[in-house]
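>>> I'd like to go over a predicted model; first the sequence, then the structure.
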Amino acid sequence: MNDSMTSAFADPAKYDLYECKQLRTGNARTWRPLGELQGLMAKAETGVAGPVVAELAYRNEYIAVRGQSKLAEEAWRKNKCQDAKPE
């Protein structure tokens, strides 16, 4: 999955006016769903029709969340935020 595809599913202006504090909490909200979606996709892929189910059920949301995460990281760098980023 390339970066242009993930960016197409995310709002490019979402983080433009965010300050570092807002980006930190926004980033935490993005990373958690990304990990959850990866886990759900991995679990779905273990079934008989798993890869198809994973693609149909979770791929679009995963792409959107990954795009949002990328935009949040870009805003973090653009704002030169110094605080520790969430794990």
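Looks like it arrived, so ask away.
>>> Show me what the longest helix along the chain packs onto, helices and strands only.
For the chain, the helix reaching the highest residue count under DSSP state H is reported as helix 50-78. Based on contacts counted as 3 or more C-beta pairs under 8 Å, 6 or more residues apart in numbering; DSSP states H and E, the elements that helix 50-78 packs against are helix 3-8, helix 20-44. (Glycine included, C-beta is placed from N, CA and C.)
>>> Of the ones you listed, which shows the lowest average pLDDT?
The weakest mean pLDDT among these belongs to helix 3-8, with a mean of 54.
>>> Figure out how far the longest helix of the chain is from the centre of its chain.
4 Å (C-alpha atoms, centre = their mean, to the nearest Å).
>>> Can you point out the buried residues in it?
Buried residues in helix 50-78, defined by neighbour count with 16 or more other C-beta atoms under 10 Å: 53-54, 58, 61-69, 71-72, 75-76.
>>> so Thr30 touches Val65, yeah?
Yes: the pair formed by Thr30 and Val65 meets the contact definition of C-beta atoms under 8 Å, at 6.2 Å.
>>> Any idea how many residues pack against Arg32?
Residues within reach of Arg32, counting by other C-beta atoms under 10 Å, total 12.
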